[in-house]
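*Asks:* What follows is a predicted protein model with its sequence.
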Amino acid sequence: MAVTRAKDGGPGFFTTRFEALLAWGRRFSIWPFTFATACCGIEVMGAFGTHYDIARFGAEVIRFSPRQADMLLVAGTINYKMAPVLQRIHDQMLEPKWVVAMGACASSGGFYNNYTVVQGIDKFLPVDIYIPGCPPIPEQIIDSIVLIQKMIDTGAPRARDRWPIKI
Amino acid sequence: MAEERNSIVLQKLTGRFGSDVVATHSDFGDDTALVRRERIVEICTFLRDDPDLRFDFAMDLTGVDYLGEEPRFEVVYHLYSLEKKHRVRVKARVPEEDPVIDSVIPVWVGMDWFEREAYDMYGILFRGHPNLKRILLYEQFEGYPLRKDYPKARRQPTVGPQE
């Protein structure tokens, strides 16, 4: 029995590099793990909600297990007692993974310059993207995902590859 | 005259414990008694059990650091009576070289975590406390951060994941 094709447009293949194919698959399936400890978490909820709809960028599956996530979104103040917990969550994530420090507190400690707040999670984690703001607006979270997509596309080195930073 | 201004709470307290109540005042309606630390459990038991006082609700316990004064530290108890609807603030001074005061957990069991917090932040030791360890900070933390001589810019080492 003959198979009838609706279209017959020449050869059914195209050429690419394997890395490019892999990156194409990865860039639209960045699954975030949210580590929300402060008011930044509210903005994260706004970004994930219907209004801003982060699903448009392929990041709609919020994984609350680090083992299924690609992107660690640290939204909020991290203190010294919390740091080992965050470190362990980061260790549990599978490669490749990206870390986003959202807001002033996660990036630099914010205005909590005191005995208990870590002055930026880059003290113990390789951070790929810093989002400024207190708290940042949801567009900036979307922008961080777009930036990670660009990193995947161009094969730019991750923060992990040049970790720890020597100053 | 001062005695007349004092409320029934302070009158009964000074009448019962005499010179162990070092000072009292009722400024702005806040009854306050400074007592000697050696008798704090006795005083608290009396405040709880006396039929006219009935302080059955221990609202708060904090420490204060009066750096440069002697004795240096102070433990402050805020008490409230749900039955009589009155309050009192009991304070006891604790010296720096021997920062020990008796635990009032036998009187109000809810003082457990407040005493741990005062220990955590000021290093005040509560004799008889069943589980006197840090409550807000982590165990590897060195020093007592709410003491006035704790360096503002001092940073503790970051601890890694623990088993």
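*Replies:* Received the coordinates, thanks.
*Asks:* okay, CA-based contacts and neighbour counts for the rest of this
*Replies:* OK.
*Asks:* so B:P151 is in which element?
*Replies:* B:P151 is part of no helix or strand, with elements assigned from DSSP states H and E.
*Asks:* Output the longest helix belonging to chain A.
*Replies:* Using DSSP state H, we find that the single longest helix of chain A is helix A:138-154.
*Asks:* Grab the CA positions of that helix and hand them over as CSV.
*Replies:* Output in CSV follows, covering the C-alpha atoms of helix A:138-154 (Å, rounded to 0.1, in the frame of the first residue of the first chain):
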residue,chain,number,x,y,z
PRO,A,138,9.1,40.7,37.3
GLU,A,139,10.5,41.8,33.9
GLN,A,140,14.0,41.6,35.4
ILE,A,141,13.4,37.9,36.3
ILE,A,142,12.3,37.3,32.7
ASP,A,143,15.4,39.1,31.6
SER,A,144,17.6,36.8,33.7
ILE,A,145,16.1,33.8,31.9
VAL,A,146,16.7,35.4,28.5
LEU,A,147,20.3,36.1,29.5
ILE,A,148,20.7,32.4,30.5
GLN,A,149,19.3,31.5,27.1
LYS,A,150,21.9,33.7,25.5
MET,A,151,24.6,32.0,27.6
ILE,A,152,23.4,28.6,26.4
ASP,A,153,23.2,29.8,22.8
THR,A,154,26.7,31.3,22.7
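*Asks:* what helices or strands is that helix leaning on?
*Replies:* Contact here means 3 or more Cα pairs under 8 Å, 6 or more residues apart in numbering or on different chains; DSSP states H and E; on that basis helix A:138-154 packs against helix A:18-27, helix A:40-48, strand A:98-102, strand A:129-131.
*Asks:* buried ones in the second one?
*Replies:* Spelled out, it's helix A:40-48. For helix A:40-48, a neighbour-count test (16 or more other Cα atoms under 10 Å in any protein chain shown) marks A:C40, A:G41, A:E43, A:V44, A:G46, A:A47, A:F48 as buried.
*Asks:* cool, and stretch A:151-167?
*Replies:* A:M151, A:I152, A:D153, A:R158, A:A159, A:R160.
*Asks:* ok, the host helix or strand of B:R89: who's next to it in the sheet?
*Replies:* Assigned by DSSP H and E, B:R89 belongs to strand B:87-94. Sheet pairing of strand B:87-94 (DSSP bridges) gives strand B:32-35 (parallel), strand B:73-80 (antiparallel).
*Asks:* Tabulate these (JSON lines), appending mean pLDDT.
*Replies:* Formatted as JSON lines, the strands paired with strand B:87-94 follow (pLDDT from 0 to 100):
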{"stretch": "strand B:32-35", "mean pLDDT": "92"}
{"stretch": "strand B:73-80", "mean pLDDT": "94"}
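*Asks:* Which among the ones you listed is found nearest to A:P135?
*Replies:* Proximity to A:P135 (Cα to Cα) singles out strand B:73-80 among the strands paired with strand B:87-94, at 37.0 Å.
*Asks:* what does the closest one contact?
*Replies:* With Cα atoms under 8 Å, 6 or more residues apart in numbering or on different chains as the contact definition, strand B:73-80 has outside contacts at B:55-67, B:86-96, B:99.
*Asks:* what do you get if the cut-off is 7 Å, keeping everything else the same?
*Replies:* Strand B:73-80 has contacts (Cα atoms under 7 Å, 6 or more residues apart in numbering or on different chains) with B:55-66, B:86-96.
*Asks:* Distance from that strand to the middle of the chain?
*Replies:* 4 Å (Cα atoms, centre = their mean, to the nearest Å).
*Asks:* If we look just around chain B, which residues of chain A are in range?
*Replies:* Contact residues, chain A versus chain B (Cα under 7 Å from any Cα of the partner chain): A:Y80, A:K81, A:P84, A:V85, A:Q87, A:R88, A:N114, A:Y115.
*Asks:* Mind picking the two most distant members of the residues you listed?
*Replies:* It's A:R88 and A:N114 that sit farthest apart of the residues of chain A next to chain B, by Cα to Cα, at 23.8 Å.
*Asks:* pLDDT (mean, whole number) over the strand holding B:R89?
*Replies:* Strand B:87-94 comes out with an average pLDDT of 93.
*Asks:* try stretch A:13-26
*Replies:* Taken as a whole, stretch A:13-26 has an average pLDDT of 82.
*Asks:* Quick one: distance of it to the chain centre.
*Replies:* On the basis of Cα atoms, centre = their mean, stretch A:13-26 sits 21 Å off its chain's mean C-alpha point.
*Asks:* Could you do stretch B:82-95 as well?
*Replies:* Between the centre of stretch B:82-95 and the centre of its chain there are 9 Å (Cα atoms, centre = their mean).
*Asks:* try stretch B:72-91
*Replies:* That offset, for stretch B:72-91, works out to 9 Å (Cα atoms, centre = their mean).
*Asks:* Please identify the residues of chain B in proximity to chain A?
*Replies:* B:L137, B:Y138, B:P145, B:K152, B:A153, B:R154, B:R155, B:T158, B:V159, B:G160, B:P161.
*Asks:* out of the residues you listed, who has the most neighbours?
*Replies:* For those, the largest number of neighbours (other Cα atoms under 10 Å in any protein chain shown) sits with B:P145, at 20 neighbours.
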